[in-house]
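*Asks:* Would you be able to build a 3D model of this:
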Amino acid sequence: MTPAEPSISRIGYEALDSPDFDATLTRATLRDIARANQYLGGRSAVIYGITRLLDERATGSLTMLDVGAGGGDIACYVARKLSRKGRKLVAATLDWHSEAARMCQSRSLPALVGDARALPIADGGVDLVVASQLLHHFSRDAAIAILHELTRVARLGVVVADLRRAWLARLGIWAAAHVLRFHPVSRRDGVVSVRRGFSSRTLRELLLAAGVVGTVRKRPGYRVVAFWRSRRAHN
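*Replies:* From the prediction side, this is the model:
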């Protein structure tokens, strides 16, 4: 997850919004996020978007950049899923937190520390770009800038997955965080994350404001997914 400066957050404040957050607590929080992705729909939301971008008949290897990758759990999951379908995925990660980069490196993932609003990647430099639970950390203008960057570096397409804002989702993440024994920081931030989330309509409006024509779908676990193919993929 690549955080924004606290001053531009739309609702509330999460600990990971600061790149200077304590390293030990950062690791604990990112591990909790990975468990939430596993049990509460985060991983399946991303793979849903990716499979709709890819031609199942195609073969060969793919490259992917996971922007706001956290500890790298999503990138590893996508690689495993595509491998079962006969597609090799070479994934790289980018996050604001140096501790996240170290966690990704421990999974043998190439890891960059950087800002999602200025990706250090050439135009069309990777096949797929993924941003999971990233946009809700940013103001509208910053999120639009990120959408431009995601689209710029993608050769085939982009998947944006985030939390769907609903009061039942807030109740659900609060209960799940206690059942799964998340760190107290993760329990608090999970509720804030849902409050900062999107409806299908608001995510679609954000895409349009960025000049992106994409498909938006609700997914289980109070997730919302947007995916679109790059203009390069049509050329």
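*Asks:* in what helix or strand does residue 169 lie?
*Replies:* Using DSSP states H and E, residue 169 maps to helix 167-179.
*Asks:* hmm, who's touching the helix or strand following that helix?
*Replies:* The helix or strand immediately downstream of helix 167-179 is helix 184-195, counting by DSSP H and E. The contact list for helix 184-195, computed with C-beta atoms under 8 Å, 6 or more residues apart in numbering, reads 11-16, 25, 28-29, 32-33, 36, 133, 136, 163, 165-166, 169-170, 173-174, 176-178, 182, 222. (Each C-beta comes from the backbone N, C-alpha and C, glycine too.)
*Asks:* what is the rounded mean pLDDT of helix 184-195?
*Replies:* Averaging pLDDT along helix 184-195 yields 88.
*Asks:* likewise stretch 222-235?
*Replies:* For stretch 222-235, the mean pLDDT works out to 86.
*Asks:* about what we covered before: can you mark which positions in the helix holding residue 169 are buried?
*Replies:* For helix 167-179, the neighbour count (16 or more other C-beta atoms under 10 Å) marks 169-170, 172-174, 176-177 as buried.
*Asks:* and which of those is nearest residue 230?
*Replies:* Closest approach between these and residue 230, by C-beta to C-beta: residue 169, at 30.7 Å.
*Asks:* And that closest one, what's its pLDDT?
*Replies:* Model confidence at residue 169 (pLDDT) stands at 85.
*Asks:* and if you look at residue 57?
*Replies:* Model confidence at residue 57, given as pLDDT, is 67.
*Asks:* Tell me where the longest strand sits in this structure.
*Replies:* Identified as the longest strand of the chain according to DSSP state E is strand 154-163.
*Asks:* now the angle from that strand to helix 167-179?
*Replies:* Orientation of strand 154-163 against helix 167-179 (axes from the mean of the first three to the mean of the last three C-alpha atoms, to 10 degrees) gives an angle of 80 degrees.
*Asks:* Helix or strand: which one has residue 128?
*Replies:* Here residue 128, judged by DSSP H and E, is contained in strand 126-132.
*Asks:* what bits of this structure have low per-residue confidence?
*Replies:* 1-10, 57, 233-235 (pLDDT under 70).
*Asks:* now the helices for it?
*Replies:* Residue ranges of the helices in the chain, as given by DSSP state H, are 23-39, 42-53, 73-84, 98-106, 140-153, 167-179, 184-195, 200-209, 231-234.
*Asks:* about what we covered before: okay, angle between the helix holding residue 169 and helix 23-39 too, please.
*Replies:* Following the same axes, to 10 degrees, one obtains 120 degrees for the angle between helix 167-179 and helix 23-39.
*Asks:* Give me the contacts around helix 167-179.
*Replies:* Residues contacting helix 167-179 (C-beta under 8 Å, 6+ apart): 32, 36, 39-40, 163, 186-187, 190-191, 193-195, 197, 222.
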